[in-house]
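Okay, here's the prediction I keep looking at, along with the sequence it came from:
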Amino acid sequence: MTITPSDEGTGWKPSPHAPEIVSAGSSFAEAVYTHSCLSLREFEAARMRTAQLNGCMICQDFRAARDALALYSVPGETPTRSVTYNGPAPDEAFFAAIVDWTNSPLFSVRERLAIEFAERFALEPKVLSADEAFWARMNAHYSEAEVVDLAHCVAAWMGLGRVAHVLGWDRVCAAPPMPMPAAAE
């Protein structure tokens, strides 16, 4: 995959192929971070589990509370909407526990459901769609609007994260700018 320096000199970006499709993907990602109604902890629980399953190291290091406003706001302006406004940010123990979420006491019922949904959405979507017991639990704790919100968030992270990983862009995806590599001497 060809990687070229960005025009701004702030980092690296994928070569400029399929610009309309890449732009649509960027808009989808931005919509997730600026319009989700999920609590920040639920959002981050599902996002982190998806990042783990995709294998994207940059996505695993990303923290919405720390990084999202820099990516999805105009410098000097305070955005009116952002998932970062949806409750307290999780701590690092929260993120570390997601890899073994079924055995951790750190998660609320809704956070566990968000993680389970993300995991099963990625690994067994056919089984998930037909699991009546899961949907009974999900519908007891999430509204229909919240389920649709969560599904689209997971779809964005899974799809765009896998594109980044498969094409080798996950080391240079839209995270805070990385320093340019030093020139070989």
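Yep, it's here. Numbering: from 1, shown residues only.

For the chain, just list every one of the strands.
3-5, 12-14 (DSSP state E).

which of those strands has the lowest average pLDDT?
Lowest mean pLDDT within the strands of the chain: strand 3-5, a mean of 44.

Counting neighbours, what do you get for the closest residue to N54 other than its chain neighbours?
Of all residues not flanking N54 in the chain, G161 sits nearest, at 3.9 Å (CB to CB, 6 or more residues apart in numbering). Heads up, the C-betas are built off the backbone N, CA and C, glycines and all. With neighbours defined by other CB atoms under 10 Å, the count for G161 comes to 25.

Now L106, what are its backbone angles?
phi -80, psi -10 (degrees, to the nearest 10).

which residues sit in contact with it?
A93, F94, A97 (CB atoms under 8 Å, 6 or more residues apart in numbering).

Which among those count as buried?
Using 16 or more other CB atoms under 10 Å as the burial test, the contacts of L106 include F94, A97 as buried.

Relative to C59, which of the contacts of L106 is nearest.
F94 (15.9 Å; CB to CB).

And that closest one, how close does it get to T50?
Going from F94 to T50 by CB to CB, to the nearest Å gives 15 Å.

and if you look at A89?
Distance from A89 to T50, counting by CB to CB: 18 Å.

Just give the number of residues close to D91.
Neighbours around D91, by other CB under 10 Å: 10.

can you give me phi and psi for it?
Per degrees, to the nearest 10, the backbone of D91 is at phi -90, psi 180.

related to what we said a few turns ago, and A89 and T50? Which one has more around it.
For the pair A89 and T50, the greater number of neighbours falls to T50 (27 against 14), based on other CB under 10 Å.

gap between the more buried one and E44?
Taking CB to CB, one finds T50 at 11 Å from E44.

what's the longest helix in the protein?
Ranked by residue count, the top helix of the chain under DSSP state H comes out as helix 144-166.

So, low pLDDT: which residues of this structure?
Applying pLDDT under 70 to the chain flags residues 1-15, 171-185.
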